[in-house]
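Chemist: Quick one, what's the 3D model for this:
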Amino acid sequence: MSAIPRRSRAPGTHVTPTSVGVYIDGFNLYYGARALCGAGTPGWRWLDVRRLSENLLPPSWPTAQITRVVYCTARIDSASNPSGAADQDVYLKALTASRSVDLIEHGYYVSRVKRAPLATPDRKGRPVLTISQWPIMVRDAAGDGVPNAGFMVSYAYREEKGSDVNVAAHLLLEMLEKSIDGAIVISNDSDLRFPLQQARDRIPVGTVNPTAAYTAGALRGTPNDGVGGHWWRQLTASDCAAHQLPDRVGDYTKPRGW
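Modeler: As a prediction, this is how the structure comes out:
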């Protein structure tokens, strides 16, 4: 198998991109923006991702132009959430109609029942297992208390699958096809560690954390990794509010409360 070509640079220099692809994990962006802006707050969901991406371009990329925007998401189940599915459908159609995206790549949902120990979060959000103790005590068949017994629960679990893989696949394919010479990845998913490392060896990459959490350690690096010219950014609520689509895009109107 032949090696994937890398771009080299002279010491103290870095590659400056001209044609930039943007690769967005739609659910990571949505839930991150919801935490930043507030679930009940209007004015952030109808996001123009192309205009947002254009305004993320740094001065260190003076010749860069956004030439490709790939939005990776999954369809909400209309049976379990009909209003959410309808609103999402309008938004995805508006993204396409406005040319805010060039491609919407769909993943899928997996629904299953899982079992896990009952727990509560500590101050840092880490799980603390719940054990039997008064005022709630487990008793054995003889009626004696069983202190420190654990509790198991079963729960319905729905997981969106495929967005991280689709982000990685489009990033690497378009880089290797040389249709882009720079990239912006909007996600804080640590599963993207390896593809981002490989991309930074070959092209400049901007990594945008759309959440209120710290940027995942697996996604961090230095501006001089690989070919150099990389940067990191964290979205803010004002970023979302300042880059909204028009209320009406062709046949599609922003849903109420968005």
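
Chemist: For the stretch 151-258 of the chain, give me the ranges with low pLDDT.
Modeler: In the predicted model, the stretch 151-258 of the chain carries pLDDT under 70 at residues 156-162.

Chemist: repeat that for 90
Modeler: Applying pLDDT under 90 to the stretch 151-258 of the chain picks out residues 151-163.

Chemist: could you pull out the strands for it?
Modeler: 152-161, 182-186, 205-209, 231-234, 248-249, 252-253 (DSSP state E, counting those that start in this stretch).

Chemist: Who are the packing partners of the helix ranked longest in the chain?
Modeler: Longest helix of the chain, by residue count under DSSP state H: helix 82-97. On a contact count with 3 or more C-beta pairs under 8 Å, 6 or more residues apart in numbering; DSSP states H and E, helix 82-97 meets strand 65-73, strand 103-106, strand 252-253. Bear in mind the C-beta positions are built from the backbone N, C-alpha and C, glycine included.

Chemist: tell me how far that helix is from the chain's mean position?
Modeler: 18 Å (C-alpha atoms, centre = their mean, to the nearest Å).

Chemist: Buried residues in that helix, which are they?
Modeler: For helix 82-97, the neighbour count (16 or more other C-beta atoms under 10 Å) marks 87-88, 90-92, 94-96 as buried.

Chemist: Show me which pair in those is furthest apart.
Modeler: 87 and 96 (15.5 Å; C-beta to C-beta).

Chemist: show me the residues around residue 138 that make contact.
Modeler: 132, 145-146, 149 (C-beta atoms under 8 Å, 6 or more residues apart in numbering).

Chemist: between those residues, which is nearest residue 255?
Modeler: Closest to residue 255, out of all of those and judged by C-beta to C-beta, is residue 132, at 46.2 Å.

Chemist: distance of the closest one from residue 118?
Modeler: Distance from residue 132 to residue 118, counting by C-beta to C-beta, to the nearest Å: 10 Å.

Chemist: How about residue 20?
Modeler: Counting by C-beta to C-beta - residue 20 and residue 118 are separated by 47 Å.

Chemist: One more: residue 182?
Modeler: In this view, residue 182 and residue 118 are 47 Å apart by C-beta to C-beta.

Chemist: and what of residue 193?
Modeler: Distance of residue 193 to residue 118, computed by C-beta to C-beta: 31 Å.

Chemist: okay, those two: which has more neighbours?
Modeler: A count of neighbours by other C-beta atoms under 10 Å puts residue 193 above the other of residue 193 and residue 118, at 16 against 12.

Chemist: ok now do the more buried one, which residues does it touch?
Modeler: Residue 193 neighbours (C-beta under 8 Å, 6+ apart): 216, 218-219.

Chemist: rewinding a little: now do the shared contacts for residue 132 and residue 118.
Modeler: Common neighbours of residue 132 and residue 118 (C-beta under 8 Å, 6+ apart) are 150-151.

Chemist: My understanding was that residue 17 contacts residue 63; is that so?
Modeler: Yes - the pair residue 17 / residue 63 is scored as a contact, 7.4 Å apart, by C-beta atoms under 8 Å.

Chemist: Pick out whichever of the two has more residues nearby.
Modeler: Between residue 17 and residue 63, counting by other C-beta under 10 Å, residue 17 is the more crowded of the two (24 against 11).

Chemist: Name the SS class of that one, please.
Modeler: Put simply, residue 17 is coil when judged by DSSP: H, G, I helix; E, B strand; the rest coil.

Chemist: how close does it get to residue 207?
Modeler: Distance of residue 17 to residue 207, given as C-beta to C-beta: 14 Å.

Chemist: ok, now residue 258?
Modeler: 27 Å.
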